[in-house]
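*Asks:* Give me the fold of what follows.
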Amino acid sequence: MSAAVADSDVRVLLVQGDDEMRMLVEAVLRGAGFRVTACADVAAATARVATERFDLVIADFWTGDGVDATWDALAGLCAAAAPAPVGLLSGWPVDPEEAARRGFAFVVRKPITSSRLLEVAGAHLPHPPGDRRTIEAYFGALERADWPALGALCAPDVVYHVAGDHPRFSRTVHGRAELERLAAETFEDFQAPRFELRAVTALPRGALARYHCRWRTAEGDEAALDGAILFGIAGGVIREISVRTDLDQLD
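*Replies:* Model (predicted):
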């Protein structure tokens with residue numbers, strides 16, 4: 001998301017020793033509107049929470065000093081960060097029940113998709129429900145092929161981005177007119193679409209929407225897809241749309 005959409009006061013402390021993984025997770029969280037502070041180790045993170053307020057702490061489980069030492073170090077971080085929830089993100093097989101008994105808010109195993117990461121982070125933040133009505137109206141306009149209604153939900157300078165390398169669908173378009181044109185072209189092939197909104201996770205600037213879509217192809221065959229869309233929304237107006245299909249693994 002653009003900085004204009006993504007800037008917020010929701011602060012996340014990320015603790016991750018692997019440089020590449022830390023940069024990837026930080027980029028995903030920042031893109032959804034979180035203000036991220038990153039630390040490479042638990043000691044630095046514990047010192048940070050002693051002087052700064054955070055809304056959420058996400059920490060890698062493994063410190064390299066053994067399981068017992070890792071639990072001890074993270075217990076100190078958890079106590080220092082209170083009342084902010086502390087969750088664990090790790091490839092190590094941490095038992096969620098044991099983590100809960102020790103006071104941790106969640107455990108998520110790597111590899112993890114960026115969409116799942118945002119769902120976990122959003123579920124543990126104290127903010128109101130996301131812009132569900134706007135998102136429902138967006139999908140409703142797609143089902144009706146009502147492109148003016150679709151454009152009316154969006155800011156004049158809305159940005160729509162589909163990642164990947166598909167020559168037709170993977171592209172970025174700017175503005176209402178281009179978005180309406182892209183939607184009309186796309187749904188020439190995706191006929192009679194029906195969207196089932198599975199979940200909406202509120203984020204600092206917008207929401208992540210999981211959906212199930214059914215449609216009829218140009219040949220008349222039935223097809224379906226589970227997907228996720230990251231919406232940048234401000235004041236009930238869609239400013240940015242990023243389509244994700246959970247193929248982006250963070251490991």
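
*Asks:* From now on I want contacts and neighbour counts done on CA atoms only, so please keep to that.
*Replies:* Will do.

*Asks:* Report the central residue of this protein.
*Replies:* For the chain, the residue nearest the mean C-alpha position is residue 118 (3.1 Å; Cα atoms, centre = their mean).

*Asks:* separation between it and residue 73?
*Replies:* 25 Å (Cα to Cα, to the nearest Å).

*Asks:* about what we covered before: could you give the number of residues near the residue nearest to the residue nearest to the centre of the chain when sequence neighbours are not counted?
*Replies:* Ranked by Cα to Cα, 6 or more residues apart in numbering and with sequence neighbours excluded, the top spatial neighbour of residue 118 is residue 29, at 6.9 Å. Applying other Cα atoms under 10 Å, we find 21 residues neighbouring residue 29.

*Asks:* which ones are touching residue 29?
*Replies:* By Cα atoms under 8 Å, 6 or more residues apart in numbering, the contact set of residue 29 is 35-36, 118.

*Asks:* Show me the residues you listed that map onto strands.
*Replies:* Among these, the residues falling in strands (DSSP state E) are 35-36.

*Asks:* so which strand or helix has residue 198?
*Replies:* Assessed by DSSP states H and E, residue 198 sits inside strand 191-203.

*Asks:* The helix or strand following that strand packs against which elements?
*Replies:* Elements were assigned by DSSP H and E; along the chain past strand 191-203, the next helix or strand is strand 206-216. Applying 3 or more Cα pairs under 8 Å, 6 or more residues apart in numbering; DSSP states H and E, one finds that strand 206-216 makes contact with helix 114-123, strand 191-203, strand 222-234.

*Asks:* how distant is strand 206-216 from the center of its chain?
*Replies:* On the basis of Cα atoms, centre = their mean, to the nearest Å, strand 206-216 sits 14 Å off its chain's mean C-alpha point.
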